[in-house]
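Asker: compute the structure for the input listed below.
(chains A and B)
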Amino acid sequence: MNNAQIAAKFELLADLLEFQGANSFRVRAYRNAARTIQELSQQISDIVEDPGQKLTDLEGIGKDLAKKCEVLVETGKFPQLEELQKQIPQSVLAMLRIPGLGPKKAAVIYKELGIATLEDLKQACEDERVRALKGFGAKTEQMILSGIELAATAEQRIYWAKADQLVSRLREHLQSAPGVEKIDFAGSYRRGKETVGDIDVLTMADSPSAPMDRLAEFPEFQEVIARGDTKMSIRLEDNMQVDLRVVPGKSYGAALQYFTGSKEHNVKIRGIAKQLGLKINEYGVFRIEEDGSETYIAGETEEDVYGALDLPWFPPELRENRDEFKMAETGFPKLITVEDLVGDMHMHTDATDGRNTLEEMIEASIAKGYQYIAITDHSKRVSMANGLDSERLLAQWKQIDKLNKKYDGKIQILKGLECDILEQGGMDLPDKVLAKGDWIIASVHYGQNQSKQQITDRIVGALQNPSVCIVAHPTGRLINRRDPYEVDLDAVFQCAKENHKFVELNANPARLDLNDVHCHAAKERGIPIGINSDGHKIDGLDVMRFGIVQARRAGLTKKDVVNTRSWKGIQKLLGRE
DNA sequence: GCCGTTTTCGGCCCGACTGTTTTCAGTCG
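Answerer: Just a heads-up that it's a prediction; the model follows:
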């Protein structure tokens, strides 16, 4: 049983407990544990088998949950969960996805009306049976009815890159509202999460009505979900929710901090405040006086808010309550920026499945100011992409030799290849050909359903090939579309470390592979990370900044990243002087 | 269910908005 499966079981148990009306802190304990396990780069099963390690050392795992993990790993069983599943049909959990319907109301519906599916619930609403329940009314019934459709389409989170475009449109639209002094976008967007579930907008304005009225005029506006004195929520045509808050200047920093989150980071912050005899909310930081009254002491800027707690300002990308509080003690690293990158070492041309010619890609890279690029078309195994065989590859490299003369002084072009790791193991082109290149990337494209052992062996084998420099998109996941393949990243990292090789952070917004947690783990092990566009056309080179956002979430600095260095410096890292 | 220099019990973030209520519970972020 792998970590994702264990985490899913804990999450499910938390859902069921919540539905049952269990103590909310107990529910949270299961969710916290699920999160810890989900983000772990080491397998729980490995820890269980290693007498030198203890599960209880993990954040949020105590004696009880450690035992449950052990039983899960050893027997695959989770008696408590199975018992609850017998009591509560799984289908009722779908009700919790209806906006405005939480565990309490859902439980009443289930118990009083015996309803367990969305279809039955719809029927009951149409029969006006729901409004008769205590605590329910016609409005609630209507809300449920219109929410059933939303629940059926399930949760949809959009790529950060797409959220970024929406944010630009919203910013431009809201800026023109009268009396709006400031606009900021908070939430998971500001933290740079790879996907964004809703958009949080913060404004400072003379009166709240101006920005709220303006938001209702947004071209993609569909309906108002709620509107009060300081807060408004709307739904857009594509069902994306936008939350707008209007706050006064003295609370602006506190509100920005609060609504940026994450929830876990804020829970931690509030705990720290409490220990200092302070209270923190979206209006500011307050000192609790002897008589119980509260005195405002900070709130105008985020720096003031954190400062009041004797903390430095936290880069938003780090606010996940992972280890940023530990980092704060010694000072935050200077996180990487897109300007730090001096080259792009993964891109394709029309020789395979790219859209632009070799020279067009070079010209576009010069325009970006890069010192060097690597041309890395596919190898022959990727037949659908017209992958290169040895002959065509060597011809391309000869062409690159010529172009290096032509562009001398403007950019250096590296002779590269994205070489497939074959299903049975081994590289797609002969070693003696690979050895003639400057920069060989190894990738898994086929056989993604193989066992963990097989895939791990393939990647480790590739990294041991002296010509291979880096493994691209090491887990193969496509966000919202395809799960990562089974791979023992620990073993991959170990092998990369021993052989002075690199791992990639593929900057394509659908990939972002390795993810933030894994990038951080690679950094901790001292493995350099290459951030590359994997561009298949000129525009495709622009995705680099999405990779940078992910890299910042991983806490990466300039020195952790391969292509912030000169090509000479990179060769040194590879031990090729 | 976790956690601990207030340490084995008693906390665990906190407020806006809505609907169904006459003072509050549920939901959400």
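Asker: so how far is stretch A:195-203 from its chain's centroid?
Answerer: 15 Å (Cα atoms, centre = their mean, to the nearest Å).
Asker: and it, C-alpha only, in CSV?
Answerer: In CSV, the C-alpha atoms belonging to stretch A:195-203 read as follows (Å, rounded to 0.1, in the frame of the first residue of the first chain):
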residue,chain,number,x,y,z
THR,A,195,-4.0,24.5,-9.3
VAL,A,196,-6.4,27.1,-8.1
GLY,A,197,-10.0,26.3,-6.9
ASP,A,198,-11.3,29.9,-6.5
ILE,A,199,-10.1,33.4,-6.8
ASP,A,200,-9.7,35.7,-3.7
VAL,A,201,-9.7,39.4,-4.4
LEU,A,202,-8.9,42.0,-1.8
THR,A,203,-9.6,45.7,-2.4
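Asker: what does the stretch 151-300 of chain A have sitting close to DNA strand B?
Answerer: Within the stretch 151-300 of chain A, the positions near DNA strand B by Cβ under 7 Å from any atom of the strand are A:187, A:198, A:200, A:226-231, A:241, A:243, A:259, A:263, A:266-267, A:270-271, A:273-275, A:279-283. C-beta here means a position set from N, CA and C on the backbone, and glycine is covered the same way.
Asker: for PyMOL, what selects the buried ones among these?
Answerer: Buried residues among these (16 or more other Cβ atoms under 10 Å), as a PyMOL selection:
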select buried, chain A and resi 187+198+200+241+243+259+266+270+273+280+281+282+283
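Asker: what pLDDT does A:V167 get?
Answerer: Per-residue confidence (pLDDT) for A:V167: 96.
Asker: before we go further, it is sitting in a helix, right?
Answerer: Yes. According to DSSP: H, G, I helix; E, B strand; the rest coil, A:V167 belongs to a helix.
Asker: quick one: contacts for it?
Answerer: A:185, A:189, A:199 (Cβ atoms under 8 Å, 6 or more residues apart in numbering).
Asker: repeat the analysis, applying 6 Å as the threshold.
Answerer: With contacts defined as Cβ atoms under 6 Å, 6 or more residues apart in numbering, A:V167 is in contact with A:F185.
Asker: hmm, back to that, of the residues of the stretch 151-300 of chain A next to DNA strand B, which belong to strands?
Answerer: A:198, A:200, A:226-227, A:231, A:241, A:243, A:279-281 (DSSP state E).
Asker: of those residues, just say which sits nearest to A:K558.
Answerer: Using Cβ to Cβ, A:D200 is the member of these that lies nearest A:K558, at 30.1 Å.
Asker: quick one, what contacts that closest one?
Answerer: A:186-187, A:243, A:259.
Asker: now swap in A:T352 and tell me
Answerer: Counting by Cβ under 6 Å, 6+ apart, A:T352 makes contact with A:377-378, A:385-387.
Asker: look at the one residue in the stretch 301-450 of chain A that gets nearest to DNA strand B and give its secondary structure.
Answerer: Nearest residue of the stretch 301-450 of chain A to DNA strand B, counting by Cβ to the nearest atom of the strand: A:N321, 10.5 Å away. Three-state assignment for A:N321 (three-state DSSP): coil.
Asker: and it, how many neighbours?
Answerer: Counted with other Cβ atoms under 10 Å, residues neighbouring A:N321 total 19.
Asker: per-residue confidence for the residue of chain A found nearest DNA strand B?
Answerer: Proximity of chain A to DNA strand B (Cβ to the nearest atom of the strand) peaks at A:G137, 1.9 Å away. pLDDT for A:G137: 88.
Asker: residue ranges with poor pLDDT in chain A?
Answerer: For chain A, the stretches flagged by pLDDT under 70 are A:152-155.
Asker: what do you get if the cut-off is 50, keeping everything else the same?
Answerer: For chain A, no stretch is flagged by pLDDT under 50.
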